[in-house]
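Participant: sequence unknown, structure follows:
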């Protein structure tokens, strides 16, 4: 008779442990589902559990604290990224105006009568200013593109033409240095 009572208590204990395991697994699935949901959505709601187990609730609470911190860092990063893009756009825009003015004055100077030495120096200044202006334009275009990716309109560009323009912009420098580049561009248009 005693062994029947012991078997009964063992079965009750096994049943209770199985029930505990079932509820813990359910809580772990809730944590997993909640974590995945919170990680990929922009929400401040915490992971909710149906379990009242202290250890599992503590784990969920710790995860909620870390998710909240991760969310703060994500928002700080996004805000900092926007501010950086705006600053670069503003800087490149602010550089364009004085460079355009400098190019205008250089064109006026180019029309004036000058010695050969001054003409050579002026040509160097014009080439360098033009190169700087192109770089600022590229920076401005780049910041415009990365700051407005949702409303972007894409156009096809023939890379061959871009390379030809780039190489020809250095023609004066090549000629000044006595360099004759050997340029082989493919005939097929690369778009």
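Facilitator: Ah, there it is. Source: prediction; values computed, not measured.
Participant: residues contacting stretch 134-141, please?
Facilitator: For stretch 134-141, the surrounding residues in contact (Cβ atoms under 8 Å, 6 or more residues apart in numbering) are 88-89, 92-93, 95-96, 99, 169. No exception for glycine: its C-beta is placed from N, CA and C like everyone else's.
Participant: from residue 166, how far off is residue 183?
Facilitator: 11 Å (Cβ to Cβ, to the nearest Å).
Participant: okay, and for this structure, where does confidence drop off?
Facilitator: 148-152 (pLDDT under 70).
Participant: and residue 51, which of the three is it?
Facilitator: Three-state assignment for residue 51 (DSSP: H, G, I helix; E, B strand; the rest coil): coil.
Participant: could you count how many residues lie near it?
Facilitator: 17 (other Cβ atoms under 10 Å).
Participant: please spell out the PyMOL selection for the buried subset of the contacts of stretch 134-141.
Facilitator: The PyMOL command for the buried members of those (criterion: 16 or more other Cβ atoms under 10 Å) is given here:
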select buried, resi 88+89+92+95+99
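Participant: can you redo the contacts of stretch 134-141 as a markdown table with distance to residue 162 and secondary structure?
Facilitator: Listed next are the contacts of stretch 134-141 as a markdown table, based on distance: Cβ to Cβ, whole Å; DSSP: H, G, I helix; E, B strand; the rest coil:
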| residue | distance to residue 162 | secondary structure |
| --- | --- | --- |
| 88 | 22 | helix |
| 89 | 23 | helix |
| 92 | 20 | helix |
| 93 | 23 | helix |
| 95 | 22 | helix |
| 96 | 21 | helix |
| 99 | 21 | helix |
| 169 | 11 | coil |
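Participant: which single one of the contacts of stretch 134-141 is nearest to residue 127?
Facilitator: Among those, residue 169 lies closest to residue 127 (Cβ to Cβ), at 8.5 Å.
Participant: looking at it, the closest one is touching residue 131, isn't it?
Facilitator: Yes. Counting by Cβ atoms under 8 Å, residue 169 touches residue 131, with 7.1 Å between them.
Participant: shared neighbours of these two, which are they?
Facilitator: With the criterion set as Cβ under 8 Å, 6+ apart, the contacts of residue 169 and residue 131 do not overlap.
Participant: of the contacts of stretch 134-141, which pair is most distant in space?
Facilitator: Between all members of the contacts of stretch 134-141, the farthest pair (by Cβ to Cβ) comes out as 89 and 169, at 24.1 Å.
Participant: kindly reformat the contacts of stretch 134-141 as JSON lines containing distance to residue 57.
Facilitator: Shown next, in JSON lines, are those (distance: Cβ to Cβ, whole Å):
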{"residue": "88", "distance to residue 57": "47"}
{"residue": "89", "distance to residue 57": "48"}
{"residue": "92", "distance to residue 57": "52"}
{"residue": "93", "distance to residue 57": "54"}
{"residue": "95", "distance to residue 57": "57"}
{"residue": "96", "distance to residue 57": "59"}
{"residue": "99", "distance to residue 57": "62"}
{"residue": "169", "distance to residue 57": "67"}
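Participant: right, I'll call it a day here.
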